[in-house]
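**Q** kindly generate the corresponding structure for this input.
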Amino acid sequence: MDIFADDQTNTNQKELTRRAIAEAGGAIIGSAAATEKDKRERLERAESRSALQAQLTALQQCLQDPEYLALYSRVSDKLENTQSELDQAILENAEEIERLEANAARTDQGQFIFRKDDGSFVYADGTIVPGSALPNPSSLPDNPTSWSAFRNAKEREAELARIQTQVLDPIRGRLQDHDDPPSADKLREFDGQLDRADLEMNSIVELIPQAEEPVQAIAALSLSIPEPVA
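**A** Below is the predicted model:
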């Protein structure tokens, strides 16, 4: 048995074992370091997302939900359509009021007065015109605006204004509130309110007399002119 050879073999084995242990330890240490780095990166990404989320308004956060976004968009579009129709109705009724005022009788001081069914006259606020304030009958229009026509037009004006101030304006205010947006249930409630407002508005519009188109008036006039006798 070669003692020196055996010693050399043992030495080599010990060296190999030492290196293996060192390498294994290095790998473990390296793996732990890599894991720690991944944790830091994940934490940094999470903090970045949290910071971005904090910068979003409450409304923007809600709109990240596809279902909420669809509902919000539907109500917003319906609001704009209803607003456009309401603006047109208000304009048409205002033009009708102007027409009624233009054809109304006036006192000597220029105040509008309107004839009631019993032949008496009232001011625009409904108070009776005293006999001393009545104009000369010869100065009255041929068919002065009646009190009922004017009162109905003013009532339509008030109803249209109510839809604007009590329905559309509050809904728009909530939709534009970035800090306290409406819940999904509230949006559904708004959806129903707009449907009802649309029905109310359409019923009002149907009562607004439509001015005769000039072309139609000319056509009617031409039909009334008798043909010359040959």
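
**Q** could you chop the protein up by domain?
**A** Partitioning the chain according to automatic domain parsing yields domains covering residues 1-55, 64-210.

**Q** adding mean pLDDT and mean neighbour count, write those out as JSON lines.
**A** For every residue, glycine as well, the C-beta is placed using N, CA and C. Below are these laid out as JSON lines (pLDDT from 0 to 100; neighbours: other C-beta atoms under 10 Å):
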{"stretch": "domain 1-55", "mean pLDDT": "62", "mean neighbour count": "10"}
{"stretch": "domain 64-210", "mean pLDDT": "94", "mean neighbour count": "15"}
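
**Q** Three-state assignment for residue 126, please.
**A** coil (DSSP: H, G, I helix; E, B strand; the rest coil).

**Q** which stretches of the protein form strands?
**A** Residue ranges of the strands in the chain, as given by DSSP state E, are 105-106, 112-115, 121-123.

**Q** ok now the shortest one, how far from the chain's centre?
**A** Going back to what we said before, that points to strand 105-106. Offset of strand 105-106 from its chain centre (C-alpha atoms, centre = their mean, to the nearest Å): 42 Å.

**Q** counting by contacts, list what that strand packs against.
**A** Using 3 or more C-beta pairs under 8 Å, 6 or more residues apart in numbering; DSSP states H and E as the contact criterion, the elements in contact with strand 105-106 are strand 112-115.

**Q** related to what we said a few turns ago, who wins for proximity to residue 209 among the strands of the chain?
**A** Judged by C-beta to C-beta, the one of the strands of the chain that comes nearest to residue 209 is strand 112-115, at 15.7 Å.

**Q** run the chain-centre distance for the closest one.
**A** 39 Å.

**Q** turn the strands of the chain into CSV, columns for distance to residue 80.
**A** Shown next, in CSV, are the strands of the chain (distance: least, C-beta to C-beta, whole Å):
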stretch, distance to residue 80
strand 105-106, 41
strand 112-115, 36
strand 121-123, 39
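
**Q** these: which one's closest to residue 157?
**A** strand 112-115 (14.9 Å).

**Q** now do the closest one: everything it contacts.
**A** Strand 112-115 is contacted from outside by 101, 104-107, 121-124, 129, 134-135, 144-147, 149-151, using C-beta atoms under 8 Å, 6 or more residues apart in numbering.

**Q** if we go to 7 Å?
**A** Surrounding strand 112-115, the residues in contact under the criterion C-beta atoms under 7 Å, 6 or more residues apart in numbering are 101, 104-107, 121-124, 129, 144-147, 150.

**Q** please apply the same query to stretch 197-214.
**A** Counting by C-beta under 7 Å, 6+ apart, stretch 197-214 makes contact with 82, 85-86, 89, 92-93, 96, 99, 156, 159-160, 163, 167, all of which sit outside it.
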